[in-house]
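Asker: With the input below, show me the fold.
(one chain, ligands or ions: 1)
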Amino acid sequence: MYTILIFYNKILNYTILVQKNIYSFHIEILLSLKTVEWKDDSVVMIDQTKLPNILEYVTYTDFNQVAHAIRTLVVRGAPAIGVSGAFGLALACLQSKATEKNELIKFLENAKKILFETRPTAINLAWGLNKIMEVANTGNTVEEIRRNVIETAKKMAEEDIQINMSMGKNGSELFNDNDTIMTHCNAGALATVGYGTALGVIRATKESGKNVKVIATETRPVQQGSRLTAFELKHDGIDVSLIPDTAVGYTMANNLVNKIVVGADRILRTGHVYNKIGTYQVATMAKQHNIPFYVAAPLSTFDMKSNPEDVIIEQRKASEVTGIGDKKTAPDDINVINPAFDMTPPELISGIITEKGVAKPPFEESIKKLF
Ligand code: MRU
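Answerer: Coordinates of the predicted model:
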């Protein structure tokens, strides 16, 4: 593994010319490079735990490193971890010393298990891993499997951007000139290979000539809203205001927001949406204030088999809640409940935006039609 470090100091940026050049370079890289990509038989990704202060690219050649990156949020966001899982299996194909198909499939099954166990809620991870295993199983020789797996994983990454752009176009029709749109967590370029789901819809709305403003929630405890969403939108020149999660009710009650769009980690056939913790609060508050609440997600985020009681909500470590960054903000040995996701029921959702169109209530029927 090697890393490229680019340090960005905001204060120095305004006073030292050299630093200013680094700042421009920083932005350029973020907009032109992908969150995760396959390069020279390795996986390159932005280390999102370091944003927005440090832009660091990490390069992995071992699927165990990819599993660790998913678990520790170096890469996060449902579509991004789906593609990362697929790239992890592509690395496993290169790592295996197998000379026979059966041996390679056994090695891949073990890698799949390790990658799968990293994060339980976003269905895109299982989707990416299963898709690659299907391709692997249809190959006849070790060489053919290696070639096909790598090609398929690369194609999944390319398609992710196309899908997000189609989703953006479909969603942009729901938004009007001068709308102020609230979003929660980060469902942007950094949560996907590029362009984003919920932020893709906002980007497409802006690209269609409508003037929109965004309110981004901070999204405690990991702060994907302030660290990633605010960062992405600001650098794209989209008017964004950051609010603490506790100001969601205030902004709605004071008419500061008139539509909402969020991403999703899993959507059931019934229209139950699993997304970042706090989404349920935003949706409930939106209902109270009659504000349309939209979800944007690709078809790979739909789980047509499970029921709500089957879905595992990831519980994360206490230190995310007992501190902010390295600073401790709670007493020692305090009990903590730290779920990473919650479930928003279909009755709170106005529409689900996908690359195939917008599903409207009743969702059981409209979602079925999308497939
Ligand atoms: O814990 P994270 O950062 O992986 O959670 C991400 C989210 O909840 C996103 O909103 C969701 O994955 C949609 S991303 C396009």
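Asker: backbone phi and psi for residue 40, please?
Answerer: With angles defined as degrees, to the nearest 10, residue 40 sits at phi 50, psi 60.
Asker: quick one: it from residue 150, how far?
Answerer: 12 Å (C-beta to C-beta, to the nearest Å). (Glycine included, C-beta is placed from N, CA and C.)
Asker: Would you mind telling me which of those two has the busier surroundings?
Answerer: Per other C-beta atoms under 10 Å, whichever of residue 40 and residue 150 has more neighbours is residue 150, with 21 against 7.
Asker: what's the closest non-adjacent residue to the residue in the chain that the ligand sits nearest to?
Answerer: Distance from the ligand to each residue of the chain (C-beta to the nearest ligand atom) is smallest for residue 263, at 2.7 Å. Leaving aside its sequence neighbours, residue 263 sits nearest to residue 187 (C-beta to C-beta, 6 or more residues apart in numbering; 2.7 Å).
Asker: what residues does the stretch 1-150 of the chain put near the ligand?
Answerer: 76, 77, 78, 79, 122 (C-beta under 6 Å from any ligand atom).
Asker: one step back: contact partners for the residue of the chain closest to the ligand?
Answerer: 77-78, 185, 187, 191, 196-198, 275-276, 295-297 (C-beta atoms under 8 Å, 6 or more residues apart in numbering).
Asker: if I look at it, how far off is residue 175?
Answerer: Residue 263 sits 16 Å away from residue 175, going by C-beta to C-beta.
Asker: And the residues of the stretch 1-150 of the chain next to the ligand, which two are furthest apart?
Answerer: Across these, the longest distance by C-beta to C-beta is 10.5 Å; it joins 76 and 79.
Asker: which one's the longest helix in this protein?
Answerer: Among the segments of the chain that qualify as a helix by DSSP state H, the longest is helix 142-172.
Asker: now it: mean pLDDT?
Answerer: For helix 142-172, the mean pLDDT works out to 98.
Asker: Tell me the buried residues in that helix?
Answerer: Neighbour counts over helix 142-172 (16 or more other C-beta atoms under 10 Å) mark 142, 145-146, 148-150, 152-154, 156-157, 160-161, 163-172 as buried.
Asker: hang on, the earlier thing: got a winner among the residues of the stretch 1-150 of the chain next to the ligand for most neighbours?
Answerer: Neighbour max across those (other C-beta under 10 Å) = residue 79, 33 neighbours.
Asker: which helices and strands sit right next to the one helix or strand that residue maps to?
Answerer: Assigned by DSSP states H and E, residue 79 belongs to helix 78-95. Contact analysis of helix 78-95 by 3 or more C-beta pairs under 8 Å, 6 or more residues apart in numbering; DSSP states H and E lists strand 36-39, strand 42-46, helix 63-71, helix 101-116, helix 123-138, helix 142-172 as its packing neighbours.
Asker: So in this protein, where's the weakest helix or strand by average pLDDT?
Answerer: Lowest by mean pLDDT, DSSP states H and E among the helices and strands of the chain is helix 10-15, with a mean of 28.
Asker: What segments of the stretch 151-300 of the chain are strands?
Answerer: 180-183, 213-217, 239-243, 259-262, 266-268, 273-276, 293-296 (DSSP state E, counting those that start in this stretch).
Asker: Go through these and pick out the most buried.
Answerer: For the strands of the stretch 151-300 of the chain, the largest average neighbour count (mean count of other C-beta atoms under 10 Å) is found in strand 273-276, namely a mean of 28.
Asker: and it, anywhere near the ligand?
Answerer: Yes. Counting by C-beta under 6 Å from any ligand atom, the ligand is contacted by strand 273-276 at 275, 276.
Asker: pLDDT on that strand, on average?
Answerer: 98.
Asker: Run through who's touching that strand.
Answerer: 121, 184-185, 219, 224, 262-267, 279, 295, 311, 313, 340-344, 346, 349, 352.
Asker: which non-adjacent residue is nearest the spatially most central residue of the chain?
Answerer: Centrality entry for the chain: nearest residue to the mean C-alpha point is residue 77, 2.1 Å, by C-alpha atoms, centre = their mean. Nearest non-adjacent residue to residue 77, counting by C-beta to C-beta, 6+ apart: residue 191, 2.3 Å away.
Asker: burial count for that neighbour?
Answerer: Neighbours of residue 191 under the rule other C-beta under 10 Å: 31.
Asker: ok, now residue 371?
Answerer: By other C-beta under 10 Å, the residues close to residue 371 number 10.
Asker: OK, contacts around it?
Answerer: Here residue 371 is in contact with 299, 302, 304 (criterion: C-beta under 8 Å, 6+ apart).
Asker: That concludes my questions; thank you for your assistance.
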